[in-house]
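Chemist: Provided below are the primary sequence and the corresponding predicted coordinates.
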Amino acid sequence: MGPKKLYKIGEIMKYTGLSRQTIHNYTMMGLISEAERTDSGHRLYGEGVFDKLKMIEMYKRHRPLREVIELMKKESRPAKG
């Protein structure tokens with residue numbers, strides 16, 4: 001198995017149609033997180049970011065952003081038990 005593909009913000013914008021500012025905002029809110037940074041400080045995201053962004057956009061159709069943040073936090077927590 002080769003190295004995992006990491007995506008720059010520009011690539012995520014191209015594939016999702018979201019703006020750079022939206023992706024940055026979602027990162028700052030903790031809805032998505034970068035996998036690592038380049039030597040020059042650019043954020044790199046793993047492949048899982050696309051599923052998360054799809055879920056965020058789906059939730060946003062029916063809920064305010066603060067509820068989306070709460071839902072995403074609950075989903076990322078490990079289940080107790």
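Modeler: It's in.
Chemist: residue boundaries of the strands in this protein?
Modeler: 7-8, 36-37, 43-45 (DSSP state E).
Chemist: Show me what the lowest-mean-pLDDT helix or strand in the chain packs onto, helices and strands only.
Modeler: Using mean pLDDT, DSSP states H and E, the weakest-scoring helix or strand in the chain turns out to be helix 65-76, at a mean of 88. Identification of packing neighbours for helix 65-76 by 3 or more C-beta pairs under 8 Å, 6 or more residues apart in numbering; DSSP states H and E yields helix 49-60. The C-beta positions use only the backbone N, C-alpha and C, and glycine is treated the same way.
Chemist: Give me the distance between the helix it packs on and the centre of its chain.
Modeler: Mean C-alpha position of helix 49-60 versus that of the full chain (C-alpha atoms, centre = their mean, to the nearest Å) differs by 8 Å.
Chemist: quick one: low-confidence ranges for this protein?
Modeler: Within the chain, the segments meeting pLDDT under 70 span 1-2, 77-81.
Chemist: and the most centrally placed residue in it, how far is that from residue 17?
Modeler: The structure's the chain has its C-alpha centroid closest to residue 32; by C-alpha atoms, centre = their mean the separation is 3.0 Å. Distance of residue 32 to residue 17, given as C-beta to C-beta, to the nearest Å: 15 Å.
Chemist: residues in contact with residue 48?
Modeler: For residue 48, no residue meets the contact criterion (C-beta atoms under 8 Å, 6 or more residues apart in numbering).
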